[in-house]
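Undergrad: sequence plus predicted model, see below.
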Amino acid sequence: MKNSSKYLLISLTTFIAGYLFLRLAYIKTIDIPFIQEIVLIILGTIATIAITAALLNKQSEIELEKEQRVKIFELKSDLYFELIDFIEKVITKGEINKSDMIVLEFLTHKISTIASPEVLFEYSNFLNIIKSTSEDDEITALESDELSAGLAKLCGKIRYDLISNSTSSANIQKLIDNNIEQL
């Protein structure tokens, strides 16, 4: 059971016991209206405090979840852009050497910790393209186009991983593929 559920259960039990006690006090003081009003004021105050505490507790949980989602989004986007920058450097350099493959290996480890399954699957396909490209260390124009097309497919999955909205992943992928083909 979560801590918030335990606290809620304890608070609810305390509130019910307090309510029953104050209700009994209200019934016992039926002959003294002034005391009854004081009991009602105390009961109202306790109810207000309990409701406020529950709302603040839930709001705190929501804020923590929001902060976690923001941190994960920042981590993912930074890592994905690091990968794209790395591929850009490799393609503009026109060659892929052993040190580039080592950097790519560590990027792969980082990506595997945070990426969605769809991104990991497409990333695996992209790594196959890089592996076939790196066999002769030189990147030809055809290999560059192949890398760019593979990266475009990967970017479609990355975009869907970062920004999940009503647009389907397939439609996004078609748009990205069209953009790359125009280059």
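TA: Thanks, I have the structure now. Numbering: from 1, shown residues only.
Undergrad: neighbours around residue 162, how many?
TA: Using other C-beta atoms under 10 Å, residue 162 has 14 other residues around it. C-beta: built from backbone N, CA, C; applies to glycine.
Undergrad: for residue 17, see how far away residue 55 is.
TA: Between residue 55 and residue 17 the distance, using C-beta to C-beta, to the nearest Å, works out to 21 Å.
Undergrad: hmm, I was thinking of residue 87
TA: Residue 87 sits 64 Å away from residue 17, going by C-beta to C-beta.
Undergrad: C-alpha coordinates for stretch 97-109, CSV please?
TA: C-alpha atoms of stretch 97-109 as CSV (Å, rounded to 0.1, in the frame of the first residue of the first chain):
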residue,chain,number,x,y,z
ASN,A,97,36.0,4.6,-38.0
LYS,A,98,36.4,2.4,-34.9
SER,A,99,36.3,5.3,-32.5
ASP,A,100,33.0,6.4,-34.0
MET,A,101,31.7,2.8,-33.5
ILE,A,102,32.7,3.0,-29.8
VAL,A,103,30.9,6.2,-29.4
LEU,A,104,27.9,4.7,-31.1
GLU,A,105,28.1,1.7,-28.8
PHE,A,106,27.8,3.8,-25.7
LEU,A,107,25.0,5.9,-27.2
THR,A,108,23.3,2.6,-27.8
HIS,A,109,23.6,1.7,-24.2
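Undergrad: of residue 87 and residue 17, who's got more company?
TA: residue 87 (21 against 10).
Undergrad: next structured bit after the helix or strand encompassing the more buried one?
TA: Per DSSP states H and E: residue 87 is located in helix 33-93. Once helix 33-93 ends, the next helix or strand along the chain (criterion: DSSP H and E) is helix 98-114.
Undergrad: contacting residues for residue 112?
TA: residue 120 (C-beta atoms under 8 Å, 6 or more residues apart in numbering).
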